[in-house]
Structure formats: structure tokens, C-alpha cells
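**Q** quick one: sequence and predicted model below, then my questions.
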Amino acid sequence: MKKALITGANKGIGFETARQLLNAGYFVYIACRDAAKGAEAAAQLGNTNIAVIPLDVTNMDSIIEAREQIGRTTSQLDVLINNAGIRGQLPQTPSTAPQAFIREVFETNFFGVINVTQVFMDLLKAAEQPRIVNVTSGLASLTLHSDPAWVYYPVKSAAYGPSKTALNAYTLALAYELRDTPFKVNAVDPGYTATDFNNHSGTGSVENAAALLARFAMLEADGPTGKYFSNDRNGEESPW
């Protein structure tokens, strides 16, 4: 049975992705900062192939403990979905946003992903066809941000968008490093989805968003790597 770790999986898109991978026959490690909320999520999913893993992506001790906990039950990890993320405090006006606010967002959305990926790399390398899905945003695209005709052109930020742009760059570099291995590493934008993250103002469904993440978590051996895909483009490639 293949095994997947999803960060921030107790609600929203992460929760629904866990459901879809469970339905596809995966064992899923639900990682979240609050173990009680993780237990509630696991109970809602009602599947025995679940383990709740307390994990704060901004705390290295927590990440290492999570690795040790998972390592006691398996010698390999087939899928890592770096889903945990924060929007950060608003407003995020570039000329006035406090650096503390910006750093907080980057700690979760960028450095947290790097830390989790590096700590779990040994378990991923032990899998036959490891997959890494870094959950990004359409707001990460510099190409689109420079196009006045883009629907989200006015949505500029000092923290959230740039943190995802940096994540895209890391994804590209990691995929290149692992290019001659069975790894598939991609940045995937679930689109503007109605969740707690945006006070349910999004227009997309969690089911559709999760389906895109699950698709790249289960890529075949001839699937793409080092690419950026978006639900805003019907799951096709997005410009960097």
C-alpha cells in the first residue's frame, strides 16, 4: 500500500485530498499542528488507513519528531503534499507591510516546505516512484502579474504571492536536482477555492481542487516534473 503525507490536512483542500487518496487505496498521514483537530478529521473520514501526525511546519523539532513517528511505521513515503499554508495578516501593501508579517508568511509557505521536504527526503527516496506536490497559487505567477488583462492583476501582496513565487522557484530547482531519478516534483495551484482560508469567498469547490492535487500525487512514470499547473487553466500548465 502506498503512503502519503499531507500537511495541513485537517480541513479544506488538504482534508478533501486525504479523502480522495484514501479512496484510491493510499494510507494517509494527516499532518496538522493540532492533534485534536487531526483526530476529528480522521474520525470524519472514517477510514482505518489513517494516522494523525502532529506537525508544525515552522518548528524543526516538530518536523523531526513527525519524521521519527512515521519512520516507526514505514520505511518509505510515496507521496508528500506540502499543503500547509497561511495568507498572513492584511493589508500587505509592499511599501508599508511590516517585515515581521512578511517573514511569518514565508516561514510557513516557503521555509516550512523546504524543511519538511528535506527531513522526509530519505523516506521519499526509498519509494519506487516518489511524488512531491507543492501547493502553490495563481498569485505566484510573475508572468500573469505583469499582464493588466489578467483577472487577478490588481491582487498584489508583499507576502502571500511572493512566498508562493519563491516556492515555485524552489520546486523548479528541486525537480532539476532529482531529474535523473523516479521523482516527480510539481507546483500545483488548486485555484480560487471556497475554504476557511479566504472566508469561503472562492469560486471553486474543494472537491475539484483536491482532485488536481491527487492527480499529481498519483502521476505515472511518464508524468511531468518541474512544472507549474493551475485549476484556473483547467489543470494545464501555468506561466511562471
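**A** Yep, it's here. What you see is a predicted model, and the numbers here were worked out from it, not measured in a lab.

**Q** can you list contacts of the lengthiest helix in the chain?
**A** For the chain, the longest helix by residue count, based on DSSP state H, is helix 160-177. Contact with helix 160-177 is made by 87-88, 92, 102, 105-106, 108-110, 113-114, 117, 132, 134, 136-137, 139-142, 145, 155, 183-187, 225-228, 240, as judged by CB atoms under 8 Å, 6 or more residues apart in numbering. In this view, the C-beta of every residue, glycine as well, is placed from N, C-alpha and C.

**Q** make a PyMOL selection of the buried ones in those.
**A** Listed next is the PyMOL selection for buried residues among the contacts of helix 160-177, using 16 or more other CB atoms under 10 Å:
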select buried, resi 87+88+92+102+105+106+108+109+110+113+114+117+132+134+136+137+139+140+141+145+183+184+185+186+187+225+226+227+228
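
**Q** quick one: which of the contacts of helix 160-177 sit in strands?
**A** When strands are assigned by DSSP state E, the members of these inside them are 132, 134, 184-187, 228.

**Q** could I get these as JSON lines with distance to A24 and pLDDT?
**A** Putting those into JSON lines (distance: CB to CB, whole Å; pLDDT from 0 to 100) gives the following:
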{"residue": "I132", "distance to A24": "17", "pLDDT": "99"}
{"residue": "N134", "distance to A24": "20", "pLDDT": "98"}
{"residue": "K184", "distance to A24": "16", "pLDDT": "98"}
{"residue": "V185", "distance to A24": "20", "pLDDT": "99"}
{"residue": "N186", "distance to A24": "18", "pLDDT": "98"}
{"residue": "A187", "distance to A24": "21", "pLDDT": "98"}
{"residue": "Y228", "distance to A24": "24", "pLDDT": "98"}
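
**Q** please, where are all the helices along the protein?
**A** With DSSP H applied, the chain shows helices at 12-23, 35-45, 60-71, 99-106, 112-125, 142-145, 160-177, 206-217, listed in chain order.

**Q** for the third one, buried residues please.
**A** Across helix 60-71, burial judged by 16+ other CB under 10 Å covers 62-63, 66-67, 69-70.

**Q** how far off helix 112-125 does that helix point, in degrees?
**A** With axes from the mean of the first three to the mean of the last three CA atoms, to 10 degrees as the criterion, the two stretches helix 60-71 and helix 112-125 enclose an angle of 20 degrees.

**Q** contacts for helix 60-71, please.
**A** Residues from elsewhere that reach helix 60-71 (CB under 8 Å, 6+ apart): 5, 29, 31, 51, 53-57, 77, 115-116, 119-120, 123.

**Q** for S238, give its distance to I6.
**A** When distance is defined by CB to CB, to the nearest Å, S238 is 22 Å away from I6.

**Q** nope, F15 is what I was after
**A** For F15, the distance to I6 (CB to CB) stands at 9 Å.

**Q** identify the residues contacting the closest residue to P190 other than its chain neighbours.
**A** Distance criterion CB to CB, 6 or more residues apart in numbering; nearest residue to P190, sequence neighbours excluded, is A209 at 3.4 Å. Applying CB under 8 Å, 6+ apart to A209 gives the contacts 13, 16, 190-191, 193, 231.
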